[in-house]
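Participant: Structural data only, the sequence is not supplied:
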């Protein structure tokens, strides 16, 4: 058990809809990262937050947004969903925002857009 | 340009045989190197990491990796694999000062009984 909790585990929704994925980081970790994993794109970095502030942005679409709350949990909002957004979305956390800190991953949220 | 390459998408190997999973990177800045493993329906978990010091790094489950700066490689090895090692393995490289981890495309290790 990594200590990172993601909810829900599965999500099925229709095109055009909006969903929110939630992540609780490991106790004591200040950094939260979101990744998208799909068969054709592999594991893609979306965005990173550190102690409530956005730290780094990757291949995140404008239809997607995220935030980290004062209690350090994070939410990833996906809107105007398309079929191609179907993927496994992972949250990871680390104690700091330095690049020598290993990431601890949750078990992911599997999003299916129909 | 900064990149991570795992050339082998799938590696079949017989049980108790040795295995090497290859990882190469390209970078103009300092790097930290990691290997993660993903079992079916699970998130990634850290196998081992290279931050500094000895270039031979030992990890969990009997895996080890060697950092070769001149060849910009960080290959993962295990002298004798088990069925339970069947999983997907990801090489990851952290470039620069702040956390910016880039993952390779993954290598699926299939251990054959």
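Facilitator: Thanks, I have it. Model, not experiment: these values are computed from the prediction.
Participant: Give me the distance between residue B:92 and residue A:87.
Facilitator: 19 Å (CB to CB, to the nearest Å). C-beta coordinates here come from the backbone N, C-alpha and C atoms, glycine included.
Participant: burial count for residue 71?
Facilitator: Looking at chain A here, since you left the chain open. By other CB atoms under 10 Å in any protein chain shown, 9 other residues sit near residue A:71.
Participant: that's the wrong chain, I wanted chain B
Facilitator: 10.
Participant: Contact partners for it?
Facilitator: Contact analysis of residue B:71 by CB atoms under 8 Å, 6 or more residues apart in numbering or on different chains lists residue B:24.
Participant: In a strand, it, correct?
Facilitator: No - looking at residue B:71 with DSSP: H, G, I helix; E, B strand; the rest coil, it is coil, so not inside a strand.
Participant: Residue B:11 versus that one, what's the distance?
Facilitator: Computed with CB to CB, the distance linking residue B:71 and residue B:11 is 19 Å.
Participant: pLDDT below threshold where in the chain?
Facilitator: Using chain A. Judged by pLDDT under 70, chain A has its weakly predicted residues at A:99.
Participant: wait, chain B
Facilitator: For chain B (pLDDT under 70), the answer is B:97-100.
Participant: can you give me the strands in chain B?
Facilitator: Taking DSSP state E, the strands of chain B run over residues B:3-5, B:10-14, B:19-21, B:24-26, B:31-38, B:44-50, B:56-58, B:64-68, B:73-78, B:87-95, B:101-103, B:107-112.
Participant: Can you convert those into JSON lines and add a column each for mean neighbour count and distance to residue A:44?
Facilitator: Conversion of the strands of chain B to JSON lines gives the following (neighbours: other CB atoms under 10 Å in any protein chain shown; distance: least, CB to CB, whole Å):
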{"stretch": "strand B:3-5", "mean neighbour count": "16", "distance to residue A:44": "13"}
{"stretch": "strand B:10-14", "mean neighbour count": "13", "distance to residue A:44": "21"}
{"stretch": "strand B:19-21", "mean neighbour count": "19", "distance to residue A:44": "21"}
{"stretch": "strand B:24-26", "mean neighbour count": "17", "distance to residue A:44": "17"}
{"stretch": "strand B:31-38", "mean neighbour count": "23", "distance to residue A:44": "15"}
{"stretch": "strand B:44-50", "mean neighbour count": "21", "distance to residue A:44": "13"}
{"stretch": "strand B:56-58", "mean neighbour count": "14", "distance to residue A:44": "26"}
{"stretch": "strand B:64-68", "mean neighbour count": "18", "distance to residue A:44": "24"}
{"stretch": "strand B:73-78", "mean neighbour count": "20", "distance to residue A:44": "21"}
{"stretch": "strand B:87-95", "mean neighbour count": "23", "distance to residue A:44": "12"}
{"stretch": "strand B:101-103", "mean neighbour count": "22", "distance to residue A:44": "8"}
{"stretch": "strand B:107-112", "mean neighbour count": "17", "distance to residue A:44": "17"}
